[in-house]
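Novice: any chance you can model this:
(chains A and B)
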2 protein chains.
Amino acid sequence: MELFSHSYFMNMALKEAEKAYEENEVPVGCIIVSDNKIIGKGYNLTERLNDVTAHAEMQAITAAANYLGAKYLNECTMYVTLEPCVMCAGAIFWSQLGTLVYGASDEKRGFSKAGNLLHPKTEVIKGIMADEAGMLMKNFFLKLR
Amino acid sequence: MELFSHSYFMNMALKEAEKAYEENEVPVGCIIVSDNKIIGKGYNLTERLNDVTAHAEMQAITAAANYLGAKYLNECTMYVTLEPCVMCAGAIFWSQLGTLVYGASDEKRGFSKAGNLLHPKTEVIKGIMADEAGMLMKNFFLKLR
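Specialist: Below is the predicted model of the structure:
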């Protein structure tokens, strides 16, 4: 795997998703990168925190902005294993994120079903390691049954 | 003002919005009510916290779920002075909020521009004390100039 490639960073987001999986949370992981450095990360904690807002992306945005001491993430790239939901897309909009890279599409709750919710300046790249991210989700829901 | 009326509770949300105004934050306030009891509240803190996710509604949802020890707010009513944005509407969707009551419409960033983002079970009542909420916003942006 090439250093600092999209797959390289998505693999790190997958490691976050695996932590969620281990904790019986819907396995979504996210990292935010600036100048090839991770400045924010998170994994889904909605069950543990009893909080629907505790998605991986929300935590990563808060952490990255805290690191930067600034609200806007124009120069940053977010890697998230699953297509963000409407809530997270709204947060990504406000953050003016530079680039959004996601893995598997979310046919049911993905933001793209709701139209164009992102900032016009945000570049979107999808399908990076989608099979791995999708398999993790699939295994999670199999485990639940 | 009638006890426990929509205006009664919206007036409390306005008091939250006024705190934001005093702190030079975009003045939006929110409370969440269950059985006529306030179980969550918040006002916009995006500047102080350097965090685009720190909207009044997000904080109130987190607080209410924490109070209840449960993620879902089916039996709750949210009072928010301004129409929620897409991010907050997404969070409201996930919370399965019972009733959303808002004051002023947000022509630019209100969720209703983006289509139907809320949970089908969430009742929406708008325009409660809209003039007061709108005036607070207007005064804030006049102050900024």
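Novice: got the contact list for whichever helix in chain A runs longest?
Specialist: Identified as the longest helix of chain A according to DSSP state H is helix A:6-22. Outside helix A:6-22, the residues within contact range by C-beta atoms under 8 Å, 6 or more residues apart in numbering or on different chains are A:1-2, A:26-31, A:33, A:38, A:41-45, A:56, A:77, A:79-82, A:101, A:103, A:125, A:128-129, A:132-133, A:136, A:139-140. C-beta: built from backbone N, CA, C; applies to glycine.
Novice: touching, A:A91 and B:A54? I think so.
Specialist: No: contact between A:A91 and B:A54 fails when scored by C-beta atoms under 8 Å: they sit 10.3 Å apart.
Novice: more crowded one of these two?
Specialist: A:A91 (30 against 20; other C-beta atoms under 10 Å in any protein chain shown).
Novice: tell me the phi and psi of that one?
Specialist: Note on A:A91: its backbone torsions stand at phi -70, psi -40 [degrees, to the nearest 10].
Novice: next one: A:G115
Specialist: With angles defined as degrees, to the nearest 10, A:G115 sits at phi 100, psi -160.
Novice: next up, the contacts around it.
Specialist: A:G115 neighbours (C-beta under 8 Å, 6+ apart): B:A114, B:G115.
Novice: quick one: it from B:H55, how far?
Specialist: A:G115 is 21 Å from B:H55, where distance means C-beta to C-beta, to the nearest Å.
Novice: who's in contact with the residue most central in space within chain A?
Specialist: Of all residues in chain A, the one closest to the mean position by C-alpha atoms, centre = their mean is A:V80, 2.6 Å from it. Counting by C-beta under 8 Å, 6+ apart, A:V80 touches A:A13, A:V28, A:G29, A:C30, A:A56, A:E57, A:A60, A:C88, A:L100, A:V101, A:Y102, A:G103.
Novice: over to A:Y102?
Specialist: By C-beta under 8 Å, 6+ apart, the neighbours of A:Y102 are A:Y79, A:V80, A:T81, A:L82, A:E83, A:P84, A:V124, A:I125, A:K126, A:I128.
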